[in-house]
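got a predicted structure plus its sequence, pasted below:
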Amino acid sequence: MSPEVVAERAVTYVSDVPLHARPAAVFMDRVKRFKARVTVAVEGGDKPPADARSLMRLMALSITKGTRVVIRAVGEDAETAVAALTGLIERDFRDP
Amino acid sequence: MKGDMARGAGAAPATGAIELLAPMSGRLVPLEEVPDPVFAERMAGDGVAIEPEPEASPASGDRSVTVVAPCDGLLAVLFPGGHAMAIAGPGGLEVIVHVGLDTVELAGAGFEVLARQGDRIRAGQPLVRFDPAALRDRGKRALSPVLVANVDAVERLQVSAGPTVRAGRDVLLTVWPKEETR
């Protein structure tokens, strides 16, 4: 079994639209392209990290413009996943 | 007789499936016909959309539509504007009701919130009241997707034959969760 890779990075949520149903669904769709287990948390927040494959849990984080968001991935493609997902947030969900 | 089964609020049919009640009254529209790829391509989950219709007769002048809980559960998400909610329901199901399209931009205009995020809710309980005409006046579609978001946990999902449903009275979705998630 290959050693587990852990990657983590914090980014600022820049979209005018909160991480509600639409953007959260786009984010989750991207998460599903990776094998790594991905969680999302609000930096310094009191809520536990949310499973990024749960639209409901992503929405429950109440992420809005300016929120610092911590993306963490565990698995062989963790680093690629964190790079892609933080990039997605930094680009306001637009493809590069 | 087939198709004539008893339908109680949140009652499970004999097969162990979970029944989700219509959260609002209206006409059913397949997800593929929702003009938003996030819903049409089922990125947000599987289900059906409802083109809402007021419960009251037109003569009463009351044009409002009440969104009720489709099942017992925890109201895990209720956006402050009232346009979207997510319920942690029975069998581990995550049920999302999105009132109208692009309605986040309204920031609550035309919506009256009747519950609070974090509330324990019962099937049929009013959550939000809104005016479809007010949404249309502001250039928004009132078409409302009702979804099971965590499709990974679902074995099979059946949509009501419609063509119309009544809020809190008719079963909208019948869901068979996967064995290991129950």
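Now that the structure is in, tell me what you want to look at. Predicted, not measured: the structure shown is a model, and the values here were computed from it.

got the contact list for residue B:39?
Residues counted as contacts of residue B:39 (Cβ atoms under 8 Å, 6 or more residues apart in numbering or on different chains) are B:31, B:49, B:98, B:101, B:145, B:147. For glycine as for every other residue, the C-beta is placed from the backbone atoms N, C-alpha and C.

up against chain A, what does chain B have?
B:36, B:38, B:43-45, B:76-77, B:79, B:84, B:86, B:88, B:94, B:96, B:98, B:104-105, B:117, B:149-150, B:152 (Cβ under 8 Å from any Cβ of the partner chain).

among those, which ones are in helices?
Within the residues of chain B next to chain A, residues falling in helices by DSSP state H are residue B:38.

confirm that residue A:80 sits in a helix.
Yes - the assignment for residue A:80 is a helix, going by DSSP: H, G, I helix; E, B strand; the rest coil.

report the lowest-confidence entry in the contacts of residue B:39.
Among those, residue B:101 carries the weakest pLDDT, at 89.

for it, helix, strand, or coil?
Residue B:101 - assigned by three-state DSSP - is coil.

mind listing what's buried along stretch B:105-122?
Across stretch B:105-122, burial judged by 16 or more other Cβ atoms under 10 Å in any protein chain shown covers B:106, B:109, B:110, B:111, B:113, B:114, B:115, B:117, B:119, B:121.

and what of stretch A:65-75?
In stretch A:65-75, counting by 16+ other Cβ under 10 Å, buried: A:67, A:69, A:70, A:71, A:72, A:73, A:75.

dump those to JSON lines, plus secondary structure.
Formatted as JSON lines, those follow (three-state DSSP):
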{"residue": "A:67", "secondary structure": "coil"}
{"residue": "A:69", "secondary structure": "strand"}
{"residue": "A:70", "secondary structure": "strand"}
{"residue": "A:71", "secondary structure": "strand"}
{"residue": "A:72", "secondary structure": "strand"}
{"residue": "A:73", "secondary structure": "strand"}
{"residue": "A:75", "secondary structure": "coil"}
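
identify the residues contacting the one helix or strand residue A:56 maps to?
Using DSSP states H and E, residue A:56 sits in helix A:55-60. Under the criterion Cβ under 8 Å, 6+ apart, residues A:19-21, A:24-25, A:27-28, A:40, A:47, A:50-52, B:44-45, B:76-77, B:79, B:84, B:86, B:88, B:94, B:96, B:117, B:149-150 lie in contact with helix A:55-60.

re earlier: among the residues of chain B next to chain A, name the buried ones.
B:36, B:38, B:43-45, B:76-77, B:79, B:84, B:86, B:88, B:94, B:96, B:98, B:104, B:117, B:149-150.

burial count for residue A:14?
13 (other Cβ atoms under 10 Å in any protein chain shown).

now it: how far from residue B:59?
Separation of residue A:14 from residue B:59 (Cβ to Cβ, to the nearest Å) stands at 49 Å.

residue ranges with poor pLDDT in chain A?
A:1-3, A:96 (pLDDT under 70).

go again with 80.
A:1-3, A:95-96 (pLDDT under 80).

flag every residue of it that's near chain B.
A:17-18, A:20-22, A:24-26, A:28-29, A:53-57, A:59-60.

buried residues, the strand or helix carrying residue A:25. List them.
Per DSSP H and E: residue A:25 is located in helix A:21-31. For helix A:21-31, a neighbour-count test (16+ other Cβ under 10 Å) marks A:21, A:22, A:23, A:24, A:25, A:26, A:27, A:28, A:30, A:31 as buried.

now the lowest-mean-pLDDT helix or strand in chain B - C-alpha only, PDB.
Lowest on mean pLDDT, DSSP states H and E among the helices and strands of chain B sits helix B:132-137, with a mean of 88. Output in PDB follows, covering the C-alpha atoms of helix B:132-137 (Å, rounded to 0.1, in the frame of the first residue of the first chain):
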ATOM      1  CA  PRO B 132     -43.800  33.300  -7.100                       C
ATOM      2  CA  ALA B 133     -45.200  36.300  -8.900                       C
ATOM      3  CA  ALA B 134     -42.800  38.600  -6.900                       C
ATOM      4  CA  LEU B 135     -39.900  36.400  -8.100                       C
ATOM      5  CA  ARG B 136     -41.100  36.600 -11.700                       C
ATOM      6  CA  ASP B 137     -41.500  40.400 -11.400                       C
END
